[in-house]
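**Student:** sequence plus predicted model, see below.
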2 protein chains.
Amino acid sequence: MEKKLTGAELRKLIRAGKWNRPTTGLAPGFVQANLVMLPKKEAFHFLLFCVRNPKPCPILDVLEPGEAEPGIAPGADLRTDLPKYRVYEKGVLSAEVEEVGDLFHKDMVSFLLGCSFSFENAMLAAGLPVRNMEEGKNVSMYMTDRPCAPAGPFSCPMVVSMRPMTPEQAVRAVQVTTRFHLTHGAPIHMGSPDDLGVKDINHPEFGDPVTIYPGEIPVFWACGVTSTLAAVSASLPLVITHSPGHMFVSDLKDEHLTLL
Amino acid sequence: MEKKLTGAELRKLIRAGKWNRPTTGLAPGFVQANLVMLPKKEAFHFLLFCVRNPKPCPILDVLEPGEAEPGIAPGADLRTDLPKYRVYEKGVLSAEVEEVGDLFHKDMVSFLLGCSFSFENAMLAAGLPVRNMEEGKNVSMYMTDRPCAPAGPFSCPMVVSMRPMTPEQAVRAVQVTTRFHLTHGAPIHMGSPDDLGVKDINHPEFGDPVTIYPGEIPVFWACGVTSTLAAVSASLPLVITHSPGHMFVSDLKDEHLTLL
């Protein structure tokens, strides 16, 4: 597919059923987001969970109950404009579908949360390695033993993504990603997977393993997959999320998210 | 009163009924906060209002329904540890009291929002003028014609605080306050009160007027009073806030709030 689409152009293709694969690397420069839809009865506590855990769950947009057109992408429809969705009933995955117009209803609230795809562009621009892109793979993601701050019925450990690089490059990566506080910001750890409770650096729980060259250290960022774990942790009657890698692509530009 | 108390020492005095006046300048270095308490039924939309308007309403802490001990001040009790509270019924001020243990109940949620007292210390440290402190007055605050982003039943215009200084000092003030994104961050405007819809720079709607010397411009920051206006805008059965200037003093240090 032609990669240089705008966010709106890509969403149009997706809505027409012409793209149902991951959005990694597509519409470069446009902010991509994790999606969580859940009943409004629990929306306060889920929003509070995100507020309390801003590194894994940075809030890009939250819609009024029943609404599906986000402020960060006028004209978009969250029920149809993602390539693939996952549906959870009582905390259990029950379906993977390409639209959710029949499931989403007026008492549900949609949350859009930042995704590290945005800062990867900034890292490339700074000459830093993004090994998963070099190797054409999904980024490596791991469960940690670090608990998120719970809120009401929502609680889960933090999930992290990992990119290997030299210690000198890691210094620069801290500088570059610090500016992107709405897409996970600075790393939460570097160097020692054990300290985070990562079981096996060569076997990520989500995504693909990537090569770590001699002289490189693993650098860990908080990961948006945490938001799915949190949403599902409450065993609600219905939760809808994006499928991993199949993100919502907004009209925001990466540079709009930088703090300074 | 001895000003060099810690946050916890000052709260102890307040709880014992030994201090019922404004907290400006007390417990220097400890973060002070605006308080809003309201029914949990509307807590999602009020939290959403704060998320959508982070400059006037930066979130420091939000408590579970019925809880009164904030994470940013273990051992504190929000029902007794502020010098003065305002009580609103159906959007109308009905009482000003020194504790609210008889009013607060298990179905209410407490919000603590950042206050510009924190960045004033940083401005002084940078050699910038804080005219209201020089003149021993409350800061000047104005209604603007800038609407906040509404959320559910909550909507109001933004309130701003104003500190006069030279344009060169204003440049430095932007740098200094940018770091304090949880206490309103960078100015939202400088130079032209008319552009903001400020009616009369010499007659602030809240607080006191201060001297503006020749060669100085007014510099405007988003103000936490906005959170009170927003909470009251929904005409809820019960809303409790701090009384203006009578803030909650936390255990957080100002420097903990800086982003970088």
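**Tutor:** Done, it's in.
**Student:** assign a three-state SS to residue A:122, would you?
**Tutor:** helix (DSSP: H, G, I helix; E, B strand; the rest coil).
**Student:** so what's it closest to, chain neighbours aside?
**Tutor:** Taking C-beta to C-beta, 6 or more residues apart in numbering or on different chains, and ignoring the residues beside it in sequence, residue A:122 has residue A:176 as its nearest neighbour in space, at 5.2 Å. Every C-beta, even on glycine, is put in place using the N, C-alpha and C of the backbone.
**Student:** look at residue A:104 and report its pLDDT.
**Tutor:** Per-residue confidence at residue A:104 stands at 97 (pLDDT).
**Student:** which residues sit in contact with the closest residue to it other than its chain neighbours?
**Tutor:** Closest residue in space to residue A:104, ignoring its immediate chain neighbours: residue A:79 at 5.1 Å, by C-beta to C-beta, 6+ apart. For residue A:79, the contacting residues are A:68, A:99, A:100, A:101, A:104, by C-beta atoms under 8 Å, 6 or more residues apart in numbering or on different chains.
**Student:** go again using 10 Å as the cut-off
**Tutor:** A:15, A:37, A:68-69, A:85, A:99-104, A:110, A:240 (C-beta atoms under 10 Å, 6 or more residues apart in numbering or on different chains).
**Student:** cool, and residue A:123?
**Tutor:** Here residue A:123 is in contact with A:116, A:129, A:130, A:133, A:163, A:165, A:169, A:172, A:173, A:176, A:177, A:180 (C-beta under 10 Å, 6+ apart).
**Student:** pLDDT weak spots in the stretch 151-260 of chain A?
**Tutor:** Low-confidence segments of the stretch 151-260 of chain A (pLDDT under 70): A:258-260.
**Student:** that one: strands as residue ranges?
**Tutor:** A:157-165, A:189-190, A:217-222, A:239-242, A:248-253 (DSSP state E, counting those that start in this stretch).
**Student:** now for those strands, which one comes closest to residue A:121?
**Tutor:** Nearest to residue A:121 among the strands of the stretch 151-260 of chain A is strand A:248-253 (10.2 Å), distances taken as C-beta to C-beta.
**Student:** now do the closest one: everything it contacts.
**Tutor:** Applying C-beta under 10 Å, 6+ apart, the contact partners of strand A:248-253 are A:5-11, A:14, A:23, A:26-27, A:29-35, A:60-61, A:70-76, A:78, A:81-83, A:110, A:112-113, A:115, A:117-118, A:182, A:242, A:256.
**Student:** among these, which are located in strands?
**Tutor:** Counted as lying in strands by DSSP state E, out of the contacts of strand A:248-253, are A:30, A:31, A:32, A:33, A:34, A:35, A:60, A:61, A:110, A:112, A:113, A:242.
**Student:** just the buried subset of the contacts of residue A:123, please.
**Tutor:** A:116, A:129, A:130, A:133, A:163, A:165, A:169, A:173, A:176, A:177, A:180 (16 or more other C-beta atoms under 10 Å in any protein chain shown).
**Student:** for chain B, what is the nearest residue in the stretch 1-150 of chain A?
**Tutor:** Scanning the stretch 1-150 of chain A for proximity to chain B using C-beta to the nearest C-beta identifies residue A:44 as nearest, at 3.7 Å.
**Student:** SS state for that residue?
**Tutor:** helix.
**Student:** what sits against the closest residue to it other than its chain neighbours?
**Tutor:** Excluding its sequence neighbours, the residue lying closest to residue A:44 (C-beta to C-beta, 6+ apart) is residue B:44, at 3.7 Å. Residues in contact with residue B:44 (C-beta under 10 Å, 6+ apart) are A:40-48, A:62, A:64-65, A:109, B:109, B:151-152.
**Student:** which one (most neighbours) among those?
**Tutor:** Comparing the contacts of residue B:44 by number of neighbours (other C-beta atoms under 10 Å in any protein chain shown), residue A:46 comes first, having 28 neighbours.
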